[in-house]
Structure formats: C-alpha cells, structure tokens
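Novice: Okay, here's the prediction I keep looking at, along with the sequence it came from:
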Amino acid sequence: MFRIGQGFDVHQLTEGRPLIMGGITIPYEKGLMGHSDADVLLHAVADACLGAVAAGDIGKHFPDTDPEFKDADSAKLLQHVWMLVKDEGYELGNIDCTIIAQKPKMAPYIDQMRERIAELLEADTNQVNVKATTSEKLGFTGRGEGIAAQTTVLIQKIGV
Ligand SMILES: Nc1ccn([C@@H]2O[C@H](COP(=O)(O)O)[C@@H](O)[C@H]2O)c(=O)n1
Ligand SMILES: C[C@@]1(CO)OP(=O)(O)OP(=O)(O)OC[C@H]1O
C-alpha cells in the first residue's frame, strides 16, 4: 500500500541568521527567519510526510507559540515526524524536493542535503532527490526576499 504527501514552505531572508537548508549550513550573507532554525526544506519534507499519513502539519505538531521550539533544530522535528510515519508501519518509497531561490547557488550543496535527508528518513540517498530553481528574478523569491521549498513524498507499507 502506498501513500503520497506534499509539502510547501516559505521563509523570509534576513541578515544576521545562518542559512540552513536540508540540514546543511550554506555560506551566504543572509539566513532564514523563523521561530525554529527556519530550515525551509526540512519543513517542506516534514509537511509532506505528515500529509502522507493524514497527520496535519508541522504548525500543529510544533506550534510557533511554544518556547520549546524556539531556534529548534528542524532535523530533530523531522526525526519526530518520521517516527510517526514509522509507527503507522511505513517506510520511504522516494522523495523529490524543489528549492526556489534566486541566490545562493544550491548546486554545490545538493548532494550533502540528499545525504542528510536520507539519513533522517532512514533511507538510501538514491531515494532522495533535491533540485533548485530560480524564479527568474520574479516575485519574492526572485527579489531575494525569501526562499521557498516544495516536496512530494511516497511512502510504502512495510512488508506488503
Ligand atoms: N538557487 C539555485 C537556483 C538554481 N540552481 C541551479 O541552476 C539551474 C538553472 O536554474 P534556472 O532557475 O535558471 O532554471 C538549476 O537547474 C539548478 O541546477 C542552483 O544551483 N541554485
Ligand atoms: C517550525 C515552527 C516551530 O518552531 O516554526 P517556524 O520556524 O517559524 O516555521 P514555520 O514553517 O513557519 O511553521 C512551523 C512552526 O510551528
């Protein structure tokens, strides 16, 4: 049995914060603003996983009004989400992610992100794809005001 989920997230770029994408810190003059570490890619992955098991979204599980999640490591949030998926009896089929960012260039860091996401989802790197696109200087991503990420995940029932 298969289930599919999709996730989408946006965070604003600001000075004075590290840029963390897919669990990897990327050298850049700005970082993403948020209650947590604002890892927009891991948030989209977590939302896709929650969607696949009809378990709501990360705001429901980790409210941004809760001081416990202030500056939270999004990798830890995703590990918690993945435990919920596993508890339902599923493993990863595959996951495909898109980062929408005018800058910085993500290409040099894509494989590290794939490896980290695979580790968090207890899967092989070849089950994880991460890609990046600009929005051709259009809209908030194109103006460099923020970064968006979207994800589609397929999970499959273990042993079926
Ligand atoms: N932040 C980004 C955006 C894009 N890339 C890579 O560049 C390719 C071309 O991007 P277009 O938006 O012009 O289609 C894209 O396919 C990515 O490989 C990137 O590394 N980082
Ligand atoms: C992750 C959480 C919780 O710290 O906060 P943010 O980092 O602001 O992220 P967002 O994607 O806006 O929503 C989920 C939040 O509840």
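Specialist: Structure received. Residues are numbered from 1 along each chain as shown. Ligands and ions are numbered 1, 2, ... in the order given.
Novice: Of all the residues in stretch 153-160, which ones are buried?
Specialist: 153, 154, 155 (16 or more other C-beta atoms under 10 Å). For glycine as for every other residue, the C-beta is placed from the backbone atoms N, C-alpha and C.
Novice: next SSE after the longest strand along the chain?
Specialist: Longest strand of the chain, by residue count under DSSP state E: strand 2-15. The first helix or strand that comes after strand 2-15 along the chain, using DSSP states H and E, is strand 19-21.
Novice: Show me what that next one pairs with in its sheet, parallel or antiparallel.
Specialist: strand 24-26 (antiparallel) (DSSP bridges).
Novice: Report the buried residues of the partner strand.
Specialist: For strand 24-26, the neighbour count (16+ other C-beta under 10 Å) marks 24, 26 as buried.
Novice: Would you mind listing the outside residues contacting that strand?
Specialist: 18, 19, 20, 104, 106, 109, 112, 113, 116 (C-beta atoms under 8 Å, 6 or more residues apart in numbering).
Novice: Next, format those residues as TSV and append pLDDT and neighbour count.
Specialist: Below are these laid out as TSV (pLDDT from 0 to 100; neighbours: other C-beta atoms under 10 Å):
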residue	pLDDT	neighbour count
18	98	13
19	98	22
20	98	22
104	98	18
106	98	21
109	98	21
112	98	16
113	99	24
116	98	22
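Novice: For the residue nearest the centre of the chain, give me its contacts.
Specialist: In the chain, the residue lying closest to the centroid (C-alpha atoms, centre = their mean) is residue 42, at 2.0 Å. Contact analysis of residue 42 by C-beta under 8 Å, 6+ apart lists 22, 23, 74, 75, 77, 78, 117, 120.
Novice: Check which element follows the strand or helix carrying it along the chain.
Specialist: Using DSSP H and E, residue 42 falls within helix 40-52. Moving toward the C-terminus from helix 40-52, the next helix or strand (DSSP H and E) is helix 58-61.
Novice: what sits against residue 14?
Specialist: 30, 31, 32, 33.
Novice: Kindly reformat those as a markdown table containing neighbour count and pLDDT.
Specialist: Shown next, in a markdown table, are the contacts of residue 14 (neighbours: other C-beta atoms under 10 Å; pLDDT from 0 to 100):
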| residue | neighbour count | pLDDT |
| --- | --- | --- |
| 30 | 19 | 98 |
| 31 | 22 | 98 |
| 32 | 25 | 98 |
| 33 | 14 | 98 |
